[in-house]
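**Q** Provide a 3D model corresponding to the input given below.
(one chain, ligands or ions: 3)
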Amino acid sequence: MASAAERRMPSHVAIIMDGNGRWAKQRGLPRTAGHREGVKSVRAVVEESVRRGVETLTLFAFSSENWQRPRTEVNILMELFVSALRNEVKRLHENQVRLRIIGERSAFPEKLQHRIAEAEALTADNNRLNLQVAANYGGRWDIVQAARRMLADVQAGRLQPEAIDEQVFAEHLSFPDLPEPDLFIRTGGEQRLSNFVLWQSAYAELYFTDTLWPAFNESAYGLALDDYARRQRRFGRTGEQVETLAAVSAYARG
Ligand code: IPE
Ligand code: IPE
Ligand code: MG
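**A** Ligands and ions are numbered 1, 2, ... in the order given. Have a look, this model is predicted:
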C-alpha cells in the first residue's frame, strides 16, 4: 500500500473531542449524557481510521485542567473511562489496534490504572492503528516531564547539556516513537488548543468544526480528511518548491 503521505492522508490525526456538554444541553439532558453518547463517536472515528489507513490517532479525553469540573462530572468521566476500557478493549484488539494512554496516570483511581495497564499489555503487539487516549494530559505537562527526565539523565551523566537539541528533547516527550500529528481536529466550535499536544503539533494542519463531538460521525470525519488532502504543507518552503519536490518524488516512484 502507498504510504499515508502519498495518498494525501494524515498518518497521525489528533482530536480534541469537544462539545459533549452542549450536545446534551440542546436535548435537555444532563451533560454526562453527552459524554456517554461521545463514546459512540470514538468508536466511529477509530474504525474509520482503521479503514482509511490512518496510522496513529490521538484523542483528548480528559485534560489536566478538567479536574476543575464539578466533582460529580469528574467521577462520571472516570467511571465512563473504566467502563469504556472494559467494553471496548476486546473490539480494539480484534481490529488490531494498539492502545496507549498518555498523560499523568498516577492521579487516577487504582482500578483505572490497573485496567489501563492490562489493556496496554493486551494490545501491545497490534500494528493496524496506534490509538492514544490522552487522559490527565496537558501539552505543558508533557514538555515539563520531558525536561525533568532530561535533567535526570544529565545528573546521572548519561546526557551532556550541549547534546540537547530539538530531537533529543522530542525523544523525551510522551510518544517519541510515533510521527507528530499531521492533522489536528477540534470539534465543538471553539478555536483554541486547550493545552493539547503543543510541541508535537508545531506543524500540524488545524481543522475546526462546529459539529459537536457526539454528532461527529464517519462522514464528518471524512470531511476533515478530505479538507486535509487539499492542503499544501510547506514547512517553511515556498509553494513552488513543494510542487517541484512532489513532482520529483512522483517521477522517482514511476
Ligand atoms: C468534551 O466535551 C469532553 C471533555 C472535556 C471531557 P465538554 O464536556 O467540554 O463539552 P462542552 O464544551 O461543555 O459542550
Ligand atoms: C478540552 O476541552 C479537553 C478535552 C476535550 C478533553 P475543554 O472543553 O475542557 O476545553 P476548554 O476548557 O473549553 O478550552
Ligand atoms: Mg468543552
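**Q** CA atoms for contacts and neighbours, from now on please.
**A** Fine.
**Q** next, see if stretch 67-74 gets close to ligand 1.
**A** No - judged by C-alpha under 6 Å from any ligand atom, stretch 67-74 stays clear of ligand 1, getting no closer than 8.3 Å.
**Q** please save the CA atoms from that stretch in PDB.
**A** The C-alpha coordinates for stretch 67-74 follow below in PDB (Å, rounded to 0.1, in the frame of the first residue of the first chain):
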ATOM      1  CA  TRP A  67     -10.200  18.300  37.300                       C
ATOM      2  CA  GLN A  68     -11.700  21.700  38.000                       C
ATOM      3  CA  ARG A  69     -15.100  20.500  36.800                       C
ATOM      4  CA  PRO A  70     -17.800  19.600  39.400                       C
ATOM      5  CA  ARG A  71     -16.800  16.500  41.400                       C
ATOM      6  CA  THR A  72     -19.800  14.600  40.100                       C
ATOM      7  CA  GLU A  73     -18.900  15.200  36.500                       C
ATOM      8  CA  VAL A  74     -15.300  14.200  37.100                       C
END
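**Q** please see if it touches ligand 2.
**A** No - contact of stretch 67-74 with ligand 2 (C-alpha under 6 Å from any ligand atom) is absent, the minimum separation being 8.8 Å.
**Q** what's the answer for stretch 134-146, then?
**A** No - using C-alpha under 6 Å from any ligand atom, stretch 134-146 never reaches ligand 2; the gap is at least 7.5 Å.
**Q** pLDDT of that stretch, averaged?
**A** Averaged over stretch 134-146, pLDDT sits at 98.
**Q** pick out the residue of the stretch 151-254 of the chain closest to ligand 1.
**A** Nearest to ligand 1, among the residues of the stretch 151-254 of the chain, is residue 188, at 6.6 Å (C-alpha to the nearest ligand atom).
**Q** give me the phi and psi angles of that residue.
**A** The phi/psi pair for residue 188 (degrees, to the nearest 10) reads phi 90, psi 0.
**Q** so who does it touch?
**A** 17-19, 209-213 (C-alpha atoms under 8 Å, 6 or more residues apart in numbering).
**Q** taking those residues, please make a PyMOL selection of just the buried ones.
**A** Here is the PyMOL command that selects only those of the contacts of residue 188 that count as buried (16 or more other C-alpha atoms under 10 Å):
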select buried, resi 17+18+19+209+211+212+213
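**Q** how about the residues of the protein by ligand 2?
**A** Near ligand 2, when you scan the chain using C-alpha under 6 Å from any ligand atom, you find 16-18, 60-63, 66, 194.
**Q** ChimeraX command to pick out the buried ones of those residues?
**A** Per 16+ other C-alpha under 10 Å, the buried members of the residues of the chain next to ligand 2 correspond to this ChimeraX selection:
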select :16,17,18,60,61,62,63
